[in-house]
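1. Any chance you could fold what I've pasted below:
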Amino acid sequence: MMTNDQADPASPKKASPAAPSSPMAPVTGSIRLFRRWWRVAVRAGVDQQAVIDKVREDSGFTPHFAFMTSMSAGIAILGLLLSSPAVVIGAMLLSPLMGPIMGAGFALAVGDSVWLKESGRAILLGTIISILFAALVVTMSPIQTVTAEIAARTRPNLFDLAVALFSALAGGYAMIRGKMGTIVGVAIATALMPPLAVVGFGLATFNWSVFGGSLLLFFTNLMTIALTATAMARLYGFRSVLSERQSQVQVAIMTVIFVALAIPLGFSLKQIAWEANVSRSANGYIKDQFGDRASVSKIEIDFDADPIVVNATVFTPKILAGANEQSSRVISRTLGQLIAVKITQFKVESGDDAQSAELAAARAQAQAQQAEIQVTRLRENLALIAGVPMDDVTLDTTKRRAMVVAKPLPGASLASYHALEQRVAAGAKNWTIKLQPPAVALPELTITDNAVAEASARNLDLIVWVSERVNLPLGINGKAADMEVVKKSLAAKNIIVAEESDMAIPGGGVRLRWLAPSENMSVRQ
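-> Below is the predicted model:
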């Protein structure tokens, strides 16, 4: 028996129904087309071996790398101590650690364990060298305060992770596509060396909050750059010896690391945002409370206090009673946390007067800061020339007097100590400077025609100068007539000689000497 098709071969064959298309078919098709374009048009233009050779060349530990790392750390810590962004940027430009970190990323991508060990060793040794060299500079530096540049690198947040991610994407692309000039910008953006220098600062000053915060920022930048470089290399199809299973494990580990970094940085960003909200709320309410005619000059918030303390300065035509309590209640209710507000009110006649008073207060504050800087520099200079710690310098800022007792300096004469005092006094106008030298030998005086010889006038001035500073009695030797001339000259300056010996001095003249306090003699009045 024949079927209908066999019976009538000329008749058209019945078409089978087409399979229904998936709703995701256009999307998957577009992805396949994009992957094909990426593989043919983008990957094909990359010389993988040349890129690997270049990255590998810069990723090992060498004497050149060690030297450049030390210099970069030195420049960075000096810029941080001076709070100079320009100097800090100079340290970023050297960026010796960028090479090994990029090398570690590419080594992970291609599965080269030997290369990864070389890069890891360079990163570890470079990190240790940077921290220790920066700590050494801080230890030797008279300035060990937390500057604004240092503080800015102690609280990393999620934005820092984003900056490192975007910069690493640019750096990986620049490495692969041969745009090496871009690496300079990446080095500045990720800023590997300044956080390490701050770690050294924290180590040298035993400030563990600074140490931990800056170390987290460095680790964030390091891991983000390395793992992003790995992702970029895999994206560009760099040949790998890893199996499919190993590649999946690698991707999973990278994801876990990014999430682990993002969690604490996210909490840090949340805290920073909350502090900004506190500052904004406090500033806004205090302004509204006093009205448009008043001016809020300054708001400082101590977030470490319990409860948090808001200190504000307000110039207002009308003093408001109970402003502290009212502000505390409203701000605490708004933020849901106890806030203590302390407002210092200055009465002015009008809004214009408030602005003028605010300007005057700002100028006074600037002058006070300048005066504080001058006092610090004066203390440092006196301590330096006297060879003593800064705490041994006595300052009276009210009467503008400064005094220090100098240690014996090898080869220094009385004239040397006098010159040092004059040098400091020249740079400290309107200050009275007194440097007390040790009881060094006093210069000899020559007497001519019953008067101190002109050649000895300078020596006489030095004896008067040192006698006003060293609390010891004086003894005098020489001919009776010559001693009488010197005693009269010293008496005119209110300096009394306690003991005298009538004896000739070889070559003539008069010789003065210090007397021990224990000697039984009359002392200077």
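2. Can you pull out the low-pLDDT segments for the stretch 401-525 of the chain?
-> In the predicted model, the stretch 401-525 of the chain carries pLDDT under 70 at residues 502, 504, 506-508, 517-525.
3. Can you show me the helices along it?
-> 414-426, 457-467, 480-491 (DSSP state H, counting those that start in this stretch).
4. how about the last one: buried residues?
-> So that's helix 480-491. 482-487, 489-490 (16 or more other C-beta atoms under 10 Å). Just so you know, the C-beta spots here come from the backbone N, C-alpha and C atoms, and that holds for glycine as well.
5. And for that helix, what's in contact with it?
-> Residues outside helix 480-491 that contact it (C-beta atoms under 8 Å, 6 or more residues apart in numbering) are 445, 447, 450-452, 460, 463-464, 467, 474, 476-478, 496-497, 500, 502, 508-510, 512.
6. Make a ChimeraX selection of whichever of the residues you listed turn out to be buried.
-> Here is the ChimeraX selection string for the buried members of the contacts of helix 480-491, based on 16+ other C-beta under 10 Å:
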select :445,447,452,460,463,467,474,476,477,478,497,500,509,510,512
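7. Among the contacts of helix 480-491, which ones are in strands?
-> The strands, defined by DSSP state E, take in 474, 476-478, 500, 502, 512 from the contacts of helix 480-491.
8. got the helices of the stretch 401-525 of the chain as CSV, with distance to Val404 columns?
-> Converted to CSV, the helices of the stretch 401-525 of the chain look like this (distance: least, C-beta to C-beta, whole Å):
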stretch, distance to Val404
helix 414-426, 9
helix 457-467, 15
helix 480-491, 25
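9. Show me which of the buried residues of helix 480-491 is closest to Asn221.
-> Leu490 (69.6 Å; C-beta to C-beta).
10. how close does the closest one sit to Pro100?
-> 72 Å (C-beta to C-beta, to the nearest Å).
11. which strands and helices sit next to the lengthiest helix in the chain?
-> For the chain, the longest helix by residue count, based on DSSP state H, is helix 244-290. Counting contacts by 3 or more C-beta pairs under 8 Å, 6 or more residues apart in numbering; DSSP states H and E, helix 244-290 packs against helix 158-177, helix 208-235, strand 295-302, strand 308-316, helix 323-335, strand 339-347.
12. Just the mean pLDDT for it, thanks.
-> Averaged across helix 244-290, the pLDDT comes to 78.
13. Check the offset of that helix from the chain's centre.
-> Distance of helix 244-290 from the chain centroid (C-alpha atoms, centre = their mean, to the nearest Å) equals 23 Å.
14. same deal with stretch 484-500?
-> 56 Å.
15. end to end, how far does it reach?
-> 10 Å (C-alpha to C-alpha, to the nearest Å).
16. Then stretch 444-463?
-> Note: stretch 444-463 ends 10 Å apart using C-alpha to C-alpha.
17. still on that earlier bit, of the helices and strands packed on helix 244-290, which is nearest Arg56?
-> helix 158-177 (11.3 Å).
18. need the ones in strands among the contacts of helix 480-491 in JSON lines with distance to Ser83, can you?
-> JSON lines is the format used below for the ones in strands among the contacts of helix 480-491 (distance: C-beta to C-beta, whole Å):
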{"residue": "Leu474", "distance to Ser83": "50"}
{"residue": "Ile476", "distance to Ser83": "55"}
{"residue": "Asn477", "distance to Ser83": "58"}
{"residue": "Gly478", "distance to Ser83": "59"}
{"residue": "Glu500", "distance to Ser83": "59"}
{"residue": "Asp502", "distance to Ser83": "65"}
{"residue": "Leu512", "distance to Ser83": "51"}
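19. Which one of those residues is nearest to Phe65?
-> Closest to Phe65, out of all of the ones in strands among the contacts of helix 480-491 and judged by C-beta to C-beta, is Leu512, at 63.1 Å.
20. Is it correct that the closest one is in contact with Gly478?
-> No. Using C-beta atoms under 8 Å, Leu512 is not in contact with Gly478; the gap is 9.0 Å.
21. that older thread, specify the stretch among the helices of the stretch 401-525 of the chain that is closest to Glu380.
-> Closest among the helices of the stretch 401-525 of the chain, using C-beta to C-beta: helix 414-426, at 10.3 Å.
22. Against Glu275, how distant is the nearest residue to Val309 once chain neighbours are set aside?
-> Closest residue to Val309 apart from its sequence neighbours, by C-beta to C-beta, 6 or more residues apart in numbering: Asp302 at 4.5 Å. Shown here: Asp302 relative to Glu275, a distance of 11 Å by C-beta to C-beta.
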